[in-house]
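A.B. asks: this one's structure only:
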Ligand SMILES: [Zn+2]
Ligand SMILES: [Zn+2]
């Protein structure tokens, strides 16, 4: 991004945050703002490190080094940080105790801290977005489990923050008294930079506030938090004439009312979710500052929903699920992923901390894959997919029995997955054993029996019998799934499930998909596998 412009903008913002009579705004220490980028670590303060090392929260295994960095970021206040440590330790000893020795702390204190920004320090290099999100969701888990720690709410923290703040997340939420971010995320002073307005919309003032946190305070995560049964959204959905300044708010919510999720039965819920997505998109696309930070990977924006009944915060944007993709769209994703794999251009998507926490409450995988146990054929690797993407059933020789079919039914019926891939592979050991025949020990005869129909089908055909059997087994297994009553066959007949066969080439890494046969071809063709 244009750093000069950014610096000028930030200086203006900084000026805006200074009360009258404060000193002339200065970018911290006149530093090269590169000090703000990943790699330029803070925590050089020798006093801060021991305090951080003794930090009580480490004992909880919560955000280990992040908490250390955070404490270090608070700068040359090692003594105060030590006080904070003691407090945290005592909170640990008495979980659930509302340790708030400074309840009378003026609400404006944290907000006023920019005026005292310590120019001897570089702008803090904020906690990574993934870690920040994990910290929020962990705090919310404590809140919903009634095991709050009420961190960072004591006199020591107050003093430690007097010289500056380094909040780890920006929260854009509703003014609604039931949704206070510090409470629902179990955080304290200096943790969250909060913009609240009825209906959690953003206007220029809101964007300016986010810019200040992202550019000057180094915060890497913005969460747009909508909530159930929001009064502002309800009023916007109902429409009609409203007095005073309310029409301004209703206008800001109109795009969400228009774009509300039709699939959602409840129009208020649908508009609230659309508003979260639209607001998150507006923050991500806000040029020049926020859009540039997002493009540079220095800022992440997520949308979330707060459930008034359970207290749970759920990530809704970007959607953690593949819900809504039909079988052919899902197939396209697998084809693209395999192309990346076979050309050594993998993206290794959705394998980060954010994805993990997004999936903690549920899954909606892109595809079901039935494939061989062979260690050379791991589906997530071959299709370049990540957590929550594939529902995988693996057994030697990729055959289907009742337990395998039941697993597939679960994903197709309950998780809404629309694609099943039966994936065989070249030179399969199980298929080779079935072709050779002969007496085998233990449970192996059961597997050989399951493969016999494929051997019988392939034997009259010229060519490599192992390859022919492998292809026939794919075809027979795919047919078995398509015609499995009542669940899978029912979904196939309604056009809600696509079952395709595929062959993995050990030499090239390429997966070749076979066309789904038309229903009449199921009976007409025996070995209708695609040529290659
Ligand atoms: Zn609300
Ligand atoms: Zn195999």
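C.D. replies: Thanks, I have the structure now. Since we're looking at a predicted model, the values are computed, not measured. Ligands and ions are numbered 1, 2, ... in the order given.

A.B. asks: which residue packs closest to residue 256, ignoring adjacent ones?
C.D. replies: Nearest non-adjacent residue to residue 256, counting by C-beta to C-beta, 6 or more residues apart in numbering: residue 275, 3.5 Å away. Any C-beta I mention is one placed from the backbone N, CA and C, and that applies to glycine too.

A.B. asks: ranges for the helices of the stretch 301-450 of the chain?
C.D. replies: 327-342, 353-358, 379-382, 402-413, 429-436, 444-458 (DSSP state H, counting those that start in this stretch).

A.B. asks: and the shortest one, what's buried?
C.D. replies: Think helix 379-382. If you call a residue buried by 16 or more other C-beta atoms under 10 Å, then helix 379-382 has these buried ones: 379-380, 382.

A.B. asks: before we move on, back to that, do I have it right that the residue nearest to residue 256 meets residue 200?
C.D. replies: Yes. Using C-beta atoms under 8 Å, residue 275 makes contact with residue 200 at a distance of 7.1 Å.

A.B. asks: identify the contacts common to those two.
C.D. replies: Here residue 275 and residue 200 have residue 226 as joint contacts, going by C-beta atoms under 8 Å, 6 or more residues apart in numbering.

A.B. asks: gap between the residue nearest to residue 385 when sequence neighbours are not counted and residue 425?
C.D. replies: Closest residue to residue 385 apart from its sequence neighbours, by C-beta to C-beta, 6+ apart: residue 337 at 5.7 Å. Counting by C-beta to C-beta, to the nearest Å, the separation of residue 337 from residue 425 is 17 Å.

A.B. asks: which of those two has more neighbours?
C.D. replies: For residue 337 and residue 425, the more surrounded residue by other C-beta atoms under 10 Å is residue 337, and the numbers stand at 26 against 22.

A.B. asks: what residues are up against the one residue in the stretch 201-350 of the chain that gets nearest to ligand 2?
C.D. replies: Using C-beta to the ion, the single residue of the stretch 201-350 of the chain nearest to ligand 2 is residue 338, 17.6 Å away. Residues in contact with residue 338 (C-beta under 8 Å, 6+ apart) are 382-384, 509-511.

A.B. asks: which non-adjacent residue is nearest it?
C.D. replies: Nearest non-adjacent residue to residue 338 (C-beta to C-beta, 6+ apart): residue 511, at 4.5 Å.

A.B. asks: separation between the residue of the stretch 251-400 of the chain found nearest ligand 2 and ligand 1?
C.D. replies: Going by C-beta to the ion, ligand 2 is nearest to residue 372 of the stretch 251-400 of the chain, at 3.2 Å. For residue 372, the distance to ligand 1 equals 52 Å [C-beta to the ion, to the nearest Å].

A.B. asks: so what's the closest residue to that residue other than its chain neighbours up against?
C.D. replies: Leaving out its chain neighbours, the residue that sits closest to residue 372 by C-beta to C-beta, 6+ apart is residue 398, at 4.8 Å. If you count contacts by C-beta under 8 Å, 6+ apart, residue 398 has them with 370-372, 422-424, 473-474, 477.

A.B. asks: among those, which one lies nearest to residue 230?
C.D. replies: Using C-beta to C-beta, residue 370 comes nearest to residue 230 of those, at 43.6 Å.

A.B. asks: so what's the residue count around that closest one?
C.D. replies: Quick note: residue 370 (other C-beta under 10 Å) scores 28 neighbours.

A.B. asks: ok, now residue 250?
C.D. replies: 20.

A.B. asks: go on, residue 401?
C.D. replies: 12.

A.B. asks: could you check stretch 291-306 against ligand 1 for contacts?
C.D. replies: No. Counting by C-beta under 5 Å from the ion, no contacts exist between stretch 291-306 and ligand 1, the nearest distance being 9.2 Å.

A.B. asks: buried residues of that stretch, list them for me.
C.D. replies: Quick answer for stretch 291-306 (16+ other C-beta under 10 Å): 292-294, 298-306.

A.B. asks: before we move on, what about stretch 138-150?
C.D. replies: Of the residues in stretch 138-150, those buried (16+ other C-beta under 10 Å) are 138-144, 148-150.

A.B. asks: repeat that for stretch 205-220.
C.D. replies: For stretch 205-220, using 16+ other C-beta under 10 Å, the buried residues are 206-220.

A.B. asks: likewise stretch 243-260?
C.D. replies: Quick answer for stretch 243-260 (16+ other C-beta under 10 Å): 249-250, 252-253, 255-257, 260.

A.B. asks: look up how far ligand 1 lies from residue 243.
C.D. replies: From residue 243 to ligand 1 the distance is 19 Å (C-beta to the ion).

A.B. asks: in the stretch 301-450 of the chain, what residue is nearest ligand 1?
C.D. replies: residue 306 (9.2 Å).

A.B. asks: I figured that residue hits residue 224, correct?
C.D. replies: No. Judged on C-beta under 8 Å, residue 306 makes no contact with residue 224 at a distance of 11.1 Å.

A.B. asks: shared neighbours, those two?
C.D. replies: Common neighbours of residue 306 and residue 224 (C-beta under 8 Å, 6+ apart) are residue 173.

A.B. asks: who's in contact with residue 432?
C.D. replies: For residue 432, counting by C-beta under 8 Å, 6+ apart, the contacting residues are residue 466.

A.B. asks: in which helix or strand would I find residue 172?
C.D. replies: strand 169-173 (DSSP states H and E).

A.B. asks: where in this protein is pLDDT low?
C.D. replies: Flagging of the chain using pLDDT under 70 yields the residue ranges 1-125, 261-265, 319-324, 353-355, 357-358, 360-361, 516-532.

A.B. asks: recalculate using a threshold of 80.
C.D. replies: Per-residue confidence for the chain (pLDDT under 80) gives these ranges: 1-126, 259-265, 317-325, 352-362, 515-532.

A.B. asks: the closest residue to ligand 1 within the stretch 201-350 of the chain - how many residues pack around it?
C.D. replies: Residue of the stretch 201-350 of the chain nearest ligand 1, by C-beta to the ion: residue 230 (3.2 Å). Residue 230 has 26 neighbours, counted by other C-beta under 10 Å.

A.B. asks: find the nearest non-adjacent residue to it, please.
C.D. replies: residue 272 (5.3 Å).

A.B. asks: tell me the spacing between that neighbour and residue 343.
C.D. replies: Residue 272 is 42 Å from residue 343, by C-beta to C-beta.

A.B. asks: how far away is the residue of the stretch 201-350 of the chain closest to ligand 1 from residue 308?
C.D. replies: 9 Å.

A.B. asks: need phi/psi at residue 159.
C.D. replies: phi -70, psi -40 (degrees, to the nearest 10).

A.B. asks: for the spatially closest residue to residue 425 that is not a sequence neighbour, name its beta-bridge partners.
C.D. replies: Spatially, and ignoring its direct neighbours in sequence, residue 425 is nearest to residue 504 (4.1 Å; C-beta to C-beta, 6+ apart). As for beta bridges, residue 504 partners with residue 425, residue 511 under DSSP bridges.

A.B. asks: which ones are touching residue 504?
C.D. replies: 371, 377, 382, 423-426, 510-511.

A.B. asks: farthest pair in those residues?
C.D. replies: 371 and 510 (14.9 Å).

A.B. asks: neighbour count winner among the two?
C.D. replies: residue 371 (23 against 16).

A.B. asks: neighbours of the closest residue to the more buried one other than its chain neighbours, just the number please.
C.D. replies: Closest residue to residue 371 apart from its sequence neighbours, by C-beta to C-beta, 6+ apart: residue 423 at 3.9 Å. Residue 423 is flanked by 25 other residues according to other C-beta under 10 Å.

A.B. asks: quick one, what contacts residue 423?
C.D. replies: 369-372, 377, 379, 398, 474, 501-504, 511.
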